[in-house]
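A.B. asks: quick one: sequence plus predicted model below, questions after.
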Amino acid sequence: MFSKLKLKQLIWEWRGVLITAPSVTLLVIALRFAGLFQFLEWSAYDQMFRLRSHEGRDSRIVVVGITEADLRKLKQWPIKDKILVDLLQKIKQQQPRAIGLDIYRDLPVGNEAEHEKLLQLYRTTPNLIGIKKVVGGATGPAIDPPPILKEKGQVSANDLPLDTDGKIRRQFLYISQNGKPIESLGLKLALIYLQAKGIVPQPAKVNPDYLQLGKVVFVPFEANDGGYVRTDAAGYQKILNFRGAANNFKIVSLLDVLENRIPRDLMRDRIVLIGSTAESLNDLLYTPYSSSFVGIPQRTSGVEIHAHLTSMILSAVIDGRPLIKTWPEWLEWLWILLGATIGAVVTWQWRYRGGVGKFSVKRTASILLIIGSFFLIGYLAFLEGWWIPVIPPVIAFLGAGSVIIAYIARTAGEIRQTFSRYLTDEVVANLLESSDGFKLGGERRKVTILMSDLRGFSSVSEELAPETVVSMLNIYLGEMADVIMKYQGTIDEFIGDAILVLFGAPTQREDDAERAIACALEMQLAMGSVNKKNERLGLPSIEMGIGISTGEVVVGNIGSAKRAKYGVVGHHVNLTARIESYTVGGQILISESTLKEVDSIVRIDGEIEVQPKGFNEPISIYEVGGIGGKHSLYLSTEKSLLVPLKAELPIQYTLMDDKRIDGTVYYGSLIKLSENSAEIRCESILETFKNIKINLVNKDEELTVSADIYAKVLKKTTDGDRNFYIRFTRIPADVTAFLSEIYQQNAPEN
């Protein structure tokens, strides 16, 4: 069963996606309705028309175009009534289904007799449809139709709604004048054609305000359909499904008709539209097919635009050709959300696959493939008659990806800031900004290695709650990290309560050993501040030992391509760890190689000869008490006084090997005592610098023992083979109070 914990974990793992996707979606929707994507969406929509294969000519429509050649021969515009009468008579002779006269003809052109013939032709041609300009404005004033045609109800509107980029993408089916709907020329001609087939307009079943012809419902255009934003949707408009570019219908010239250069049955039972196609008459318009990457944009004549509307209606009703449909807004919002989600998910997953900042051909190809998929889906839907906006989801995809990248970049900045807590700015820059900063491999280099460790912390951690142990470590490591950063050390790693620090990698300096010793001294001095904080929190005091060695090692990025760390390997790493193991609380021990680097300014408080495990010969190590020069740091030289006990304290002890207890119990006595050390008499020979666990024994109460005391064997005394000096590393609070009382009782009076 899916638990709340798993759900919470899943939400955290995908937090970037869950926050980014809906946020970017809302932003893109807001920008979309602010109109910022409208021109881009129109361009994408136009491109789909140009990519779609051109449909064949609609054989039901013939266009009689008035061309430049016609104008040159006739030498007049508008053409005379006599010419128009001759043209209409020749067209009538071929018995067309309907005639659309896309020429303004509200006034006579010629003598009265010629005009009377034209009026008579109007009266006797019931399938002739004239035009009027209903809407006045920037394109000119309103223009009335021929009065005779108006009386007979054979008038239509030829107004065209231009988009703000000057293109025609939609057309009126009806346009309102004085509250009365007027059919457009394209619709009027289509209705006449369909009436002969028994198809008449009727209210749609889905909405009585919608026009239905046969089984096809013409849903009117709304202000935000497709890529439009707050567009004037007055009247009854429909997005045009063009058949193709200009010259997509059978076009004959006016003179071709007048001079009988056309087949006798060319116009039989067809729709004939008469209008201007001449460049000089300026009745040419831009359509989705006008834009091209090269060449001059091609325009389409107004009469052909009306022919496209007529063809669209006939093809939809008779042939089942799809109309252009659009999604409801809520579905478009989900489409945008999908784009944002894909962008967020893909980019979010990349942070686990090598990050997002590095250029990758594969990733670039993936981005282009996803963007191409949105356009492909939009194009395939367009082929089925759907206008699905593609720019908003693509913007959402890129926007969500950019937000995730910005978030990861910010996280990287936080990581850099975190690095800076432990490394100098120079070291961070070398690791993060160098081209080879994280390249796998290493190089030989002379470095000074510092290792610190808390004495007896393992036993402390066993007595405290894990949360308390973490709090103690954070206090300690925080103080130490600040000191290490001050001396430009590189924290290689935290190993529990131990710290491994490098001086000389990745940046090498002449004073690496000097800075390492100064750092160690200040770290010891800082333990006072650490213990004050522990005391305020009711936590026990702790002590630290530090070992330092200098020598040639291999430093660099160690690991694999998937996981690596900047680290160091070599003999001197192991030697430093061994030297540190010999220390007691508050002590700093250095190797001879380190001493040679700083001999003149370091105060040495003692020399010890040891034979570390794994080394064939004994070596000398040196206790550091201070450093002069520009650092001037010194530890206290006060030594606690060992006082003989009037009554020896019986003890039992167990030997330890690398913090493991061997289990054999030995007995002895505590014969001398100071605040932090003691002299014991043992029944066995102890090995110098070994750790032991001690318990006080109360023989009067059936050998009841105290809590565990941890100590390090320092050396053998001169009093006997079985007497040894020890340094306490961990004493429980109740035992501390008891030993303090014993010490006060036996201390000499001042």
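C.D. replies: Noted; the coordinates are in hand.
A.B. asks: quickly list the domain ranges of the protein.
C.D. replies: Segmentation of the chain into domains, based on automatic domain parsing, reads 17-49+337-414, 55-325, 440-634, 643-746.
A.B. asks: reformat those into JSON lines and put mean neighbour count, distance to Ile11 and mean pLDDT next to each item.
C.D. replies: For glycine as for every other residue, the C-beta is placed from the backbone atoms N, C-alpha and C. Below are those laid out as JSON lines (neighbours: other C-beta atoms under 10 Å; distance: least, C-beta to C-beta, whole Å; pLDDT from 0 to 100):
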{"stretch": "domain 17-49+337-414", "mean neighbour count": "18", "distance to Ile11": "6", "mean pLDDT": "87"}
{"stretch": "domain 55-325", "mean neighbour count": "18", "distance to Ile11": "34", "mean pLDDT": "91"}
{"stretch": "domain 440-634", "mean neighbour count": "18", "distance to Ile11": "25", "mean pLDDT": "86"}
{"stretch": "domain 643-746", "mean neighbour count": "16", "distance to Ile11": "41", "mean pLDDT": "82"}
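A.B. asks: okay, these in JSON lines with distance to Lys6 next?
C.D. replies: JSON lines is the format used below for these (distance: least, C-beta to C-beta, whole Å):
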{"stretch": "domain 17-49+337-414", "distance to Lys6": "15"}
{"stretch": "domain 55-325", "distance to Lys6": "41"}
{"stretch": "domain 440-634", "distance to Lys6": "23"}
{"stretch": "domain 643-746", "distance to Lys6": "38"}
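A.B. asks: nearest to Gln9, out of these?
C.D. replies: Nearest to Gln9, of all the domains of the chain, is domain 17-49+337-414, at 12.9 Å by C-beta to C-beta.
A.B. asks: Lys4: which of the domains of the chain is closest?
C.D. replies: Closest approach to Lys4 among the domains of the chain (C-beta to C-beta): domain 17-49+337-414, 16.3 Å.
A.B. asks: the helices in the stretch 551-700 of the chain, which residues?
C.D. replies: Applying DSSP state H, counting those that start in this stretch to the stretch 551-700 of the chain gives helices spanning 571-581, 592-598.
A.B. asks: mind putting these into JSON lines with distance to Asp497?
C.D. replies: JSON lines is the format used below for the helices of the stretch 551-700 of the chain (distance: least, C-beta to C-beta, whole Å):
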{"stretch": "helix 571-581", "distance to Asp497": "12"}
{"stretch": "helix 592-598", "distance to Asp497": "23"}
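A.B. asks: out of those, which gets nearest to Ala34?
C.D. replies: Judged by C-beta to C-beta, the one of the helices of the stretch 551-700 of the chain that comes nearest to Ala34 is helix 571-581, at 62.2 Å.
A.B. asks: with just CA atoms, put that closest one into PDB.
C.D. replies: Extracted C-alpha coordinates of helix 571-581, given in PDB (Å, rounded to 0.1, in the frame of the first residue of the first chain):
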ATOM      1  CA  HIS A 571      52.600   6.400   2.100                       C
ATOM      2  CA  HIS A 572      52.400   9.700   4.000                       C
ATOM      3  CA  VAL A 573      48.600   9.500   4.300                       C
ATOM      4  CA  ASN A 574      49.000   6.300   6.200                       C
ATOM      5  CA  LEU A 575      51.900   7.700   8.200                       C
ATOM      6  CA  THR A 576      49.800  10.700   9.200                       C
ATOM      7  CA  ALA A 577      47.100   8.500  10.500                       C
ATOM      8  CA  ARG A 578      49.600   6.500  12.500                       C
ATOM      9  CA  ILE A 579      51.100   9.600  14.000                       C
ATOM     10  CA  GLU A 580      47.600  10.900  14.900                       C
ATOM     11  CA  SER A 581      46.900   7.600  16.700                       C
END
